[in-house]
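Generate coordinates for the sequence data below:
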Amino acid sequence: MLSCVHLPVDPELYSDDVRPIVTQTVARFGLEEWKAGILTHELHGHLGIYSILGVKMGLAAIEYLGAEPGHVSVYSYAGIKPPVSCMNDGLQVSTEATFGHGLISSPPTDSPLLMADFSIKDRTIQV
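Residues are numbered from 1 along each chain as shown. Down below sits the predicted model:
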């Protein structure tokens, strides 16, 4: 769970693309979103808008559903081709629904959308 992760907030410890936004991002969005964003940055390899949108969508869905990360299944409409599919990396980190655990799916599509269904038990929301 992301609440167990301890990441530094000292800007000097981050790469050139992240360093200028550390302090203002933590202050504006909080530590949970910061952690999810940084872990996604590391997984994804760079700071990108689609992966960050996935983080924000996943965190919003978890909060709205009152769910614990790792207990939500995700159906992503982003497909498997970059750049839109990069959203899937953010979704995986923020929800802890991974392809390896079978909790996220994103079938190939020629019309990717920045949208996902989040389900827990008998509840589903679309973001």
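
my read: Pro108 touches Ile80, true?
Yes. Pro108 lies in contact with Ile80 (Cβ atoms under 8 Å); the separation is 5.2 Å. Every C-beta, even on glycine, is put in place using the N, C-alpha and C of the backbone.

higher neighbour count, these two?
The neighbour count for Pro108 versus Ile80, taken as other Cβ atoms under 10 Å, is higher for Ile80 (13 against 9).

Read off the pLDDT value for the more buried one.
pLDDT, Ile80: 97.

Would you mind writing the CA trace of the helix or strand bottoming out on mean pLDDT in the chain as PDB?
Least confident helix or strand, the chain: helix 31-44 with a mean of 92, by mean pLDDT, DSSP states H and E. This file holds the C-alpha atoms of helix 31-44, laid out as PDB (Å, rounded to 0.1, in the frame of the first residue of the first chain):
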ATOM      1  CA  LEU A  31       2.000  12.900   0.000                       C
ATOM      2  CA  GLU A  32      -0.200  10.000  -1.300                       C
ATOM      3  CA  GLU A  33      -0.400  11.500  -4.800                       C
ATOM      4  CA  TRP A  34       3.200  12.500  -4.700                       C
ATOM      5  CA  LYS A  35       4.200   8.900  -3.900                       C
ATOM      6  CA  ALA A  36       2.000   7.500  -6.600                       C
ATOM      7  CA  GLY A  37       3.400  10.000  -9.100                       C
ATOM      8  CA  ILE A  38       7.000   9.300  -8.300                       C
ATOM      9  CA  LEU A  39       6.600   5.500  -8.400                       C
ATOM     10  CA  THR A  40       4.800   5.800 -11.700                       C
ATOM     11  CA  HIS A  41       7.700   8.100 -12.900                       C
ATOM     12  CA  GLU A  42      10.200   5.400 -12.000                       C
ATOM     13  CA  LEU A  43       8.100   2.600 -13.500                       C
ATOM     14  CA  HIS A  44       7.300   4.500 -16.700                       C
END
